[in-house]
Every structure is written in structure tokens, then in C-alpha cells.
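Asks: the following comprises the amino acid sequence and a computationally predicted model.
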Amino acid sequence: MKQKSSSSSAITIGIDLGDRKHAVCVLDAKGEILKQESIANNRGSLTALSRRHPGALMVMEVGTHSPWTSRFLEDLGHRVLVANPRKLRAIYQNERKSDRKDAEILARLARSDEKLLHPVRHVCEEMQRDLLQIKLRDNLVRQRVDIISSVRGTLKSLGIMLPSPNSESFARHARRILGNEHPQHLALVEASLCVLDVMTQQIRSLEKSIETMAAEQYPEAEFLTQLAGVGTLTSLTFILTIGDPTRFRRKRDVGAFLGLVPRRDQSGETDKQLSITKAGDSYLRKLLVQAAHYILGPFGPDTALKRKGLKLTECGGPRARRKAVVAVARNLAVLLLTLWHDEAIYQANRRAA
């Protein structure tokens, strides 16, 4: 379609991001398609697109490339909307789905009502790098667990049952037991044990780096660690994921942001009880759920939050415990946001306070 002259400030550009190429749809002020094209996934192509349409509204979905792409286009002077793909049924349920069509739908939704996109705001590049460091450490921890399970399974097939010590000391205990009782099998798993040694060393190095980063760059994390079950990893992940403590109109909205609220399917007299939405960052949600388990467990101190959770478990039913954990995790997120926003001292027991 032949490109028409139009004011760039009235132009809306939908971009369907890809690993190698982006599908682009350019709409004018009347919603007519000015141009549909594919551009390479690099800064040069994005700069050329920006020069052709200076000041245009750019729209894209959340994805691997959306953080750096949205920041790059904003630096070029554009207003950028990053759509929540979980909310865009018009795209993922389209019977004739294609990259070109997805780009067009994004642009048309932005023209009609930006709220339909449920825009997502990415954190700055520095906070993204710091958060990725935490997630890379978690990835190494999970890979270490997989290797330990592989070693235990291999030896179990030979009739050797190893104990379950701390993951950091597994390789040392395995060498001691195999060296004393089954020396002929030690060479079989020595390569895996050497990998565990290296991974443990790297995990410790990352943990020291994260502790230093929290102390020097994010001192506000200290307010969050006042809560039982919340350590440096959880508090720092919470800060780096949320980005700004003032981003929510109501503090309790952080529960929905992290997917800790139940889905709803209400029609007429029917209002189904559904599981949580699981929206937002899955790693932070996992950390909050782990903290909730500690709070409700035997080692969790007696606090108002714990009493509220235990009261929910007393309601009975096969899912009472699970619902209590989710409720405590949701309330914990609100507490963390409040402590961060107000820089307050936490009073664990309201009655005593």
C-alpha cells in the first residue's frame, strides 16, 4: 500500500517483536494502514523507523526483547506502550493469527483505548541487570539440584542409597561415603561431583555479590527483611521487580500484580471459585509463597500475619491450607510494599503494640 503523508504525532505503530525480525504496522490518524513491513531486530532498523515517523506512538507486547526495545524507542523521543499479552485474547485466540495481523491489532487497540492493552511498565536497565543476576543464581541452584538428583538416581540403581545433606555439602558427603564403602563406584560419578563443586563455588560468589549490592545500592531492602521469612534475596527481588513503591494507586493492588488473587468467572447467579491468576513475575511469587510457608510453619514467630493464616486453615476443607498460604503471601506482599513506601518499623504483633 502506498505511503501517504501524515502528521507523525498522529501515527500509531504496532510492532510484533521477533528474535530476528519485527512485523510493523503503521496507522494514520484515521486508522488507515500507511505501511506494513518487516524490519530487522537491531537498533539500526529501529532508528530508521523512528526517523521515518518521529514522535509516533509505538505499541508492542511484553517479551524477551520488549525491555530494551521500549527503552531504546523512548530515548528516541517516542511514547511507548508495552501490552500485557495475557490480556489480549484478540491476538492469541485469533483464528488467522500472523505477525503482520498481530502488529495491526496492537496498533488498532492503542488507537481505540490504551487501557485495553493493560500496559506494563518495565524497570530501568540497571535494575533489570541486578534482577537478572538474582535469577541467574536461582537458575544455577536449580541446575545443581538436578545434578544431585541424577547422581542419587544413578547410585540408587546400583543399590547405593546416599543421604540427603545440604546441597552445598552433597559432593563432600558423597565422596566420603563412596570412598569408604564403595570405592569402585566413585569414579563413575566423580565428573558430576566436580561440576557440583564448581557450581557451589559460583553460587557462593553470586550470593556475596548480591549481599553487597543490597547493602550498597538498595539500603531500603533492610526495611523489608524485618518480616519473618523474608531474607535479602526476597526483599531485593521484590524491590527490583516492583521498581517504584508509588506505582500502585492502592497498596493492595500489588497482590493482583503478582498473580496472588483468584481468577473470576461470574455470570448472572454463577460466581465460580477459581485458582489464582498467576500473573506477573513467577519467581517473586514463588519466593513469597516460600516465605508464607515459613510463617505458617512451626518455626515462624507468633505474629498477626501468622494468626490470620492459621485462622484460615481452621476453616477446614482439603484446600484450606493452600488458600491460607496464598492469603499470607498476598498479605505479605502488601506489607512489604507498605514498609518500603513508608520506610517504617514493622510491629509483628498488633495486640502487643
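Replies: That came in fine, so what should we check first?

Asks: export stretch 200-211 to CSV, keeping only CA atoms.
Replies: Taking C-alpha atoms only, stretch 200-211 is exported to CSV below (Å, rounded to 0.1, in the frame of the first residue of the first chain):
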residue,chain,number,x,y,z
THR,A,200,28.6,-24.3,44.5
GLN,A,201,31.6,-22.0,44.3
GLN,A,202,29.9,-19.8,41.7
ILE,A,203,26.7,-19.8,43.7
ARG,A,204,28.5,-18.6,46.8
SER,A,205,30.2,-15.9,44.8
LEU,A,206,26.9,-14.7,43.4
GLU,A,207,25.4,-14.6,46.9
LYS,A,208,28.2,-12.5,48.2
SER,A,209,27.8,-10.1,45.2
ILE,A,210,24.0,-9.9,45.8
GLU,A,211,24.6,-9.2,49.5
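
Asks: residues of it that come out buried?
Replies: Within stretch 200-211, the residues scored as buried using 16 or more other C-beta atoms under 10 Å are 200, 203, 206, 210. For every residue, glycine as well, the C-beta is placed using N, CA and C.

Asks: please apply the same query to stretch 89-102.
Replies: Residues of stretch 89-102 classed as buried under the neighbour-count rule (16+ other C-beta under 10 Å) are 91, 99, 101-102.

Asks: narrow those to those in strands?
Replies: Judged by DSSP state E, the subset of the buried residues of stretch 89-102 located in strands is empty.

Asks: ok, the buried residues of stretch 200-211 vs Ile345, which is closest?
Replies: Nearest to Ile345 among the buried residues of stretch 200-211: Ile210, at 24.4 Å, using C-beta to C-beta.

Asks: spell out for me which residue occupies the centre of this protein.
Replies: Nearest to the mean C-alpha position of the chain, by C-alpha atoms, centre = their mean, lies Asp281 at 2.2 Å.

Asks: that residue and Leu258 touch, don't they?
Replies: Yes: Asp281 is in contact with Leu258 according to C-beta atoms under 8 Å; the separation is 6.8 Å.

Asks: and for these two, which residues touch both?
Replies: When contacts are counted by C-beta atoms under 8 Å, 6 or more residues apart in numbering, Asp281 and Leu258 have no shared neighbour.

Asks: stretch 21-37: how far from the chain's middle?
Replies: A distance of 31 Å separates the centroid of the chain from that of stretch 21-37, by C-alpha atoms, centre = their mean, to the nearest Å.

Asks: what's the burial count for Gly63?
Replies: 14 (other C-beta atoms under 10 Å).

Asks: and whatever helix or strand Leu335 lives in, what does it pack against?
Replies: Per DSSP states H and E: Leu335 is located in helix 320-342. When contacts are defined as 3 or more C-beta pairs under 8 Å, 6 or more residues apart in numbering; DSSP states H and E, helix 320-342 sits against helix 221-224, helix 232-242, helix 253-257, helix 282-296, helix 304-313.

Asks: do you know which of these lies nearest Leu109?
Replies: Comparing the helices and strands packed on helix 320-342 by C-beta to C-beta, helix 253-257 comes nearest, at 21.0 Å.

Asks: got the buried residues for that closest one?
Replies: 254-257.

Asks: repeat for stretch 212-224
Replies: Neighbour-count burial for stretch 212-224 flags 213-214, 218, 220-221, 223-224 (criterion: 16+ other C-beta under 10 Å).

Asks: and the residues you listed, which two are the farthest apart?
Replies: Across these (C-beta to C-beta), the longest gap, 16.4 Å, separates Met213 and Phe223.

Asks: how close does Leu81 get to Arg52?
Replies: From Leu81 over to Arg52 the distance is 19 Å, taken as C-beta to C-beta, to the nearest Å.

Asks: higher neighbour count, those two?
Replies: Neighbour totals were compared for Leu81 and Arg52, and Leu81 leads with 22 against 15 (other C-beta under 10 Å).

Asks: all helices for this protein, in order.
Replies: Per DSSP state H, the chain carries helices over the ranges 43-52, 66-75, 89-92, 99-112, 125-156, 170-181, 183-217, 221-224, 232-242, 253-257, 282-296, 304-313, 320-342.

Asks: lowest average pLDDT across those?
Replies: When the helices of the chain are compared by mean pLDDT, helix 89-92 comes last with a mean of 71.

Asks: show me how far stretch 123-139 is from its chain's centre.
Replies: For stretch 123-139 - counting by C-alpha atoms, centre = their mean - the centre lies 10 Å from the chain centre.

Asks: what residues sit buried inside that stretch?
Replies: The neighbour-count check on stretch 123-139 (16+ other C-beta under 10 Å) flags 123, 127-128, 130-131, 134, 137-138 as buried.

Asks: before we move on, the earlier item: which among the buried residues of stretch 89-102 gets closest to Ser66?
Replies: Using C-beta to C-beta, Asp102 comes nearest to Ser66 of the buried residues of stretch 89-102, at 13.5 Å.

Asks: that closest one contacts Ile91, correct?
Replies: Yes: Asp102 is within contact range of Ile91, at 5.2 Å (criterion: C-beta under 8 Å).
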